[in-house]
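In: Got a sequence here, can you model it:
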Amino acid sequence: MNHSHTAKKLSALLLCAVLLSACSDNGTPTTDANSGTANAAAETAQSGTAASTPVTLASLNLAEVVEYKDNDAYADWTTGESTKIQLNGSGAVIGGSGAAAKDGTIAITAAGTYVVSGTLDNGQIAVDVKDKGTVRLVLNGAEIHSSTTSAIYVAEAGKLVLSLQEGTENAVSDGTEYVYPDTSTDEPNAAIFSKDDLTVNGSGKLVVQGNYNNGIASKDKLKITGGQLEVHAVDDAVMGRDLVAVQAGEFKIEAGGHGIKSTNDAEGEEGVIAIGGGDFNITSGEDALHSSGGLLISGGNVQINAGDDGVHAEIGLAITGGTVNVAESNEGLEAPSILIADGTISVVGSDDGVNAASGSSETAGEDGPGGGGGGGFGSGGFDGNLPDGMAQDGDTADASKGSAFGGKSTGSALNDASGSGAADGADNGAAPDGTDAGIPPGGFEGGTPPDGEPPGAPPEGGAPGGMPGSGGSSMLTIAGGTLTVNAQGDGLDANGSISMSGGTVIVNGPTMNGNGALDYDGSFVMTGGILVAAGSSGMVQATSDQSTQSGILMTYSKAQQAGKLVHLQDSAGSDMLTFAPLKDYQAVFVSSPKLKTNASYLLYSGGKSSGTAANGLYEGGVYEGGTKVVAFKAAALVTWVNESGVTEARSGTGGPGGGGGFGGRGGGGGGGVRGQRQGGSGTTTPTDGGTS
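Out: Okay, here's the model as predicted:
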């Protein structure tokens, strides 16, 4: 297989999701059962017609992305020919051919199987096989340390297969400082470093201590098909330039930088991470999983505590199975194109929970270069075009230098901007003179709101906008699985559009009005599945009119206490929803196949349920003891309700778009487009109090 074929395969398919969302009409998906290949999807995109992103990506499996060869699997070495290397502190005794020991270095110069045991206090196993043959290194109770360079170093070979013998414990470590021949040399830079393909297999244990920089690194493809790996690294723990593929194993990873990382960013050959199995416990100072191209999780159990993003891909992310639990992160999942087709995913983010946007190489702040305008003035909004001289979508502005519209959002009410170019001449993301930080002129907070609007909501025409953000073509597609989000910033955020056709999504969004449980710039097309999103009301959004499944958005006049039940039932008394938000909330959106247009509903607050709760969502049981808040008829596909009854939709008013501009977030770009109201006035059904 060509060294970049796997990277191109996944990256191309994931990129199709972005292209197809741009080609579709307002992001509305259609299905094409024959679009399951990269070529078919690309042709469809080029023809200007929409195809099914879920079909294209959900049909993708690990076998299409990674080719595991026979020698990637563990095989018994005891019956075949092998060379024994018995380490003895300062050197080794070698029994067999192909290896030699001198001055603490064990040099392997021929393909074959080498069985290593014992301890090497300060030395190196160096592999240099000119005929590109495969070298198998069996660690059979070995401890290898080098104080000045990599402990295991592959300068040249077709592949190094590192086998962990069953029942053994092995250790590889390096020192805190390397000695290079000259100042222009910076490799090797990991305790285990290979310039060619590297495979780890077996069932034994390996502890790697990367004291200088990285733990395990391959400059080509890295595959892991088994073993118990514990990797500690000053910087990145596990790296593969073109590919990191994991089939099975147990992993404990602690990294000052990224946990698992692919690094090839050459166009058309971007690196890939593909996880098909294994149990992971990853603690990282930066991203836990970081791919310069595509990232696929189709199985396994991944537990993450990350200092930056939990799972980050520069081109696309697909989760088609397994369990992913991001217990701590800045942003839980981030990529320009994200597909969730199956699996169980839980995300906690100090900023956004799931963010479909460009990432670390981003321009114009966090979420996108230039792009559409911020919020508008009155109902017209900004027309989406930037003033002359400002970077448009696709133009270059180096966010790493803090330029363009500000820096990375902190998830607070004020989105800090770390660099120059802050909105309206403000420095470092500060609001314009005379306004509260993070709140557009005219205000999200304070003052008397219009009739029927909760405090903290923008005025009807939309508050004046801030600097433009990105309209973007990023895409979040949810076709199945279970996703639970707890975010201080936006819950589901797309600098483009969102499509949901299946699965269950529960969002516990922000408590501050500068963010929303749902935040998108294009459209949110809901055709199936269950979605419950609770959070603040200042930037509240519901699903789009292009949806085929009904939705209800309830906004309250004041914040409701965390854990206070939201109960929705129809006029016949059948339960539609019972939900206990994790945090204080002032708006709740729900969409479910149970909801019907032109049906009558009653919404209750408080009380208790005898049902079984999973992530706050109750199933079965009896609800009782709550206070009826409002009775109403859902005459529209998406019905907006407050305590007085049905009210007008104010989805994505200009004000929230402007708020995005102030923080340098690309998501603000949709404000101008969404500045106009969507729904009609509707009839208002007065609230009559009482209990259920």
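In: Pull up the distance across stretch 266-279, start to finish.
Out: Start-to-end span of stretch 266-279 (Cα to Cα, to the nearest Å) is 30 Å.
In: for the record, mean pLDDT for it?
Out: Computed over stretch 266-279, the mean pLDDT rounds to 91.
In: Flag every buried residue along that stretch.
Out: Neighbour counts over stretch 266-279 (16 or more other Cβ atoms under 10 Å) mark Glu269, Glu270, Gly271, Val272, Ile273, Ala274, Ile275, Gly276, Gly277, Gly278 as buried. Every C-beta, even on glycine, is put in place using the N, C-alpha and C of the backbone.
In: wait, isn't the fourth one in contact with Ile297?
Out: Right, the one you point to is Val272. No: contact between Val272 and Ile297 fails when scored by Cβ atoms under 8 Å: they sit 11.8 Å apart.
In: Doesn't Ala63 lie inside a strand?
Out: No: counting by DSSP: H, G, I helix; E, B strand; the rest coil, Ala63 falls outside a strand, being helix.
In: so Asp72 touches Leu198, yeah?
Out: No: contact status for Asp72 versus Leu198: not in contact, 10.4 Å apart, counting by Cβ under 8 Å.
In: Give the residues shared as contacts by these two.
Out: Lys223 (Cβ atoms under 8 Å, 6 or more residues apart in numbering).
In: quick one, which of the two is more surrounded?
Out: Ranked by neighbour count (other Cβ atoms under 10 Å), Asp72 and Leu198 place Leu198 first, with 26 against 21.
In: show me the contacts for the closest residue to that one other than its chain neighbours.
Out: Closest residue to Leu198 apart from its sequence neighbours, by Cβ to Cβ, 6 or more residues apart in numbering: Ser218 at 4.0 Å. Going by Cβ under 8 Å, 6+ apart, Ser218 touches Phe193, Ser194, Asp196, Asp197, Leu198, Met239, Gly240, Arg241.
In: Also Leu595?
Out: Gln549, Ser550, Gly551, Ile552, Met576, Ala634 are the contacts of Leu595 under Cβ under 8 Å, 6+ apart.
In: how would you label Thr597: helix, strand or coil?
Out: Under three-state DSSP, the three-state class of Thr597 is coil.
In: Hmm, it is touching Leu637, no?
Out: Yes: between Thr597 and Leu637 there is a contact under Cβ under 8 Å: 5.7 Å.
In: so what's in contact with the two at the same time?
Out: Ser550.
In: where do the helices sit along the protein?
Out: For the chain, the helices defined by DSSP state H cover 5-23, 38-47, 53-58, 62-65, 654-663.
In: Lowest mean pLDDT across these, which one is that?
Out: helix 38-47 has the lowest average pLDDT among the helices of the chain, namely a mean of 31.
In: taking the mean pLDDT, what do you get for stretch 330-347?
Out: What stretch 330-347 shows for mean pLDDT is 97.
In: Which residues belonging to it are considered buried?
Out: If you call a residue buried by 16+ other Cβ under 10 Å, then stretch 330-347 has these buried ones: 330-347.
In: How about stretch 96-114?
Out: Neighbour-count burial for stretch 96-114 flags Gly98, Ala99, Ala101, Thr105, Ile106, Ile108, Thr109, Ala110, Ala111, Gly112, Thr113, Tyr114 (criterion: 16+ other Cβ under 10 Å).
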